[in-house]
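In: A predicted structure for the sequence below; I have some questions about it.
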Amino acid sequence: MVTVRAPATSANLGSGFDVFGVALDRPADIVHVERADRTTIEVTGVGSQYIPTDPDRNVVGAVAEALDAPAHIRIDKGVRPSSGLGSSAASSAAAAVALNELYDRGLSREELVPVAAEGEAVVSGEAHADNVAPALLGGFTVATDEGVTTVDADIPLVACLPEIAVSTRDARRVVPSDASIEDMVHTVGRAATLAVGMCRRDPDLVGAGMDDRVVTPARAELINGYHGVREAALDAGASGVTVSGAGPSVLGVCQAADRTRVAGAMLEAFDEADVDARAYKTRVGRGAEVFEL
Ligand SMILES: Nc1ncnc2c1ncn2[C@@H]1O[C@H](COP(=O)(O)OP(=O)(O)OP(=O)(O)O)[C@@H](O)[C@H]1O
Ligand SMILES: N[C@@H](CCO)C(=O)O
């Protein structure tokens, strides 16, 4: 048996739609795999009642097929599905690493990115890699058609998860089909600022670089209470706040000393909007880890 832990991730970071991602140091999924003649799946943990065990509908089934590695796969969910925290990607990445070990396929972490992205295609219809890349490689990742670039960043974060479900598929339907040149220039400038901030491990630059005028405004409308939560986090010291992945989680960047205050302000603002929520005080973390062989 092989057991792998893969972390939650936050994709986009505002200005880097479908390109930027970060691994979070918590929460995480744990996946156990054992060789079998055909793939079967068991799911326990947070939100497991909403996750199919049919290998054609669970992301890990697509990963097992892509690696030609049938197995009994047990998923212990720590990352709630439809959270905007890369729940499906955590399972995909963990399964890719575990099955690669189990069957001695010898693929590198970089080579596993397109394999794990096959799982994302099962849930959203597109094999985007911006969650699976950080879940596999850790740190801050830039995923493009040319491959993945990583930065071993260390940035404090708060991820606030409301009791609302937004599926990636639905959130992709509201993405505008075009953007003005002014908005494009603004977004490119912010994305470049964010990348420099990650390299310098500077939360102020990262926060300033998250602002996006193209995708985030449309998606914010799917999250009850978003605008109040964003304002409250900024007032409490966050340097930037945006929608995490496809939502509904809201991601804040701040100095480590301000995390508790920012998390409290976000929870209070969701509460004012009558939305229950929980906050993870976290930071940019490591990629998938093998527990036992
Ligand atoms: N192993 C799995 N773990 C989580 N969700 C799964 C899994 N397999 C299939 N799914 C389905 O995928 C959907 C959740 O994925 P989705 O991409 O919408 O959310 P997410 O991964 O939390 O968000 P995001 O990618 O925006 O961070 C749910 O419909 C769930 O049933
Ligand atoms: N980049 C993707 C991440 C969610 O899986 C999106 O925002 O739709």
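Out: That came through fine. Ligands and ions are numbered 1, 2, ... in the order given.

In: give me the distance between Asp130 and Val275.
Out: Using Cβ to Cβ, to the nearest Å, we find Asp130 at a distance of 26 Å from Val275. Quick note: C-beta positions are derived from backbone N, CA and C, even for glycine.

In: higher neighbour count, these two?
Out: Asp130 (28 against 19; other Cβ atoms under 10 Å).

In: what's near enough to touch the more buried one?
Out: Taking Cβ atoms under 8 Å, 6 or more residues apart in numbering, we find Asp130 in contact with 11-12, 16, 18-21, 141, 143.

In: can you say which of those are buried?
Out: Applying 16 or more other Cβ atoms under 10 Å to those, the neighbour count classes 11-12, 16, 18-21, 141, 143 as buried.

In: in strands, which of those residues fall?
Out: 11, 20-21, 141, 143 (DSSP state E).

In: could I get those residues in a markdown table, plus columns for distance to ligand 2 and pLDDT?
Out: Supplementary listing: these in a markdown table, determined by distance: Cβ to the nearest ligand atom, whole Å; pLDDT from 0 to 100:
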| residue | distance to ligand 2 | pLDDT |
| --- | --- | --- |
| Ala11 | 4 | 97 |
| Phe20 | 9 | 98 |
| Gly21 | 8 | 98 |
| Thr141 | 12 | 98 |
| Ala143 | 9 | 96 |
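
In: closest to ligand 1 among these?
Out: Checking these against ligand 1 with Cβ to the nearest ligand atom, the nearest one is Ala11 at 5.7 Å.

In: wait, isn't that closest one in contact with Phe20?
Out: Yes. With contacts defined as Cβ atoms under 8 Å, Ala11 counts as touching Phe20 at a distance of 7.0 Å.

In: which residues of the stretch 51-200 of the chain fall in helices?
Out: 59-66, 87-102, 109-124, 132-137, 168-173, 181-200 (DSSP state H, counting those that start in this stretch).

In: what's the most buried one of the ones you listed?
Out: When the helices of the stretch 51-200 of the chain are scored by mean count of other Cβ atoms under 10 Å, the highest mean neighbour count falls to helix 132-137 (a mean of 33).

In: touching ligand 1 at all, it?
Out: No. On the criterion Cβ under 6 Å from any ligand atom, helix 132-137 is out of touch with ligand 1, staying 9.4 Å away.

In: mind listing residues that contact the helix or strand bottoming out on mean pLDDT in the chain?
Out: Of all helical and strand segments in the chain, the minimum by mean pLDDT, DSSP states H and E falls on strand 289-292, at a mean of 86. Residues from elsewhere that reach strand 289-292 (Cβ under 8 Å, 6+ apart): 1-6, 30, 97-98, 101.

In: farthest-apart pair in these, please.
Out: Farthest-apart pair in these is Met1 and Ala6; separation 16.3 Å (Cβ to Cβ).

In: show me which of those two is the more surrounded one.
Out: Ala6 (32 against 14).
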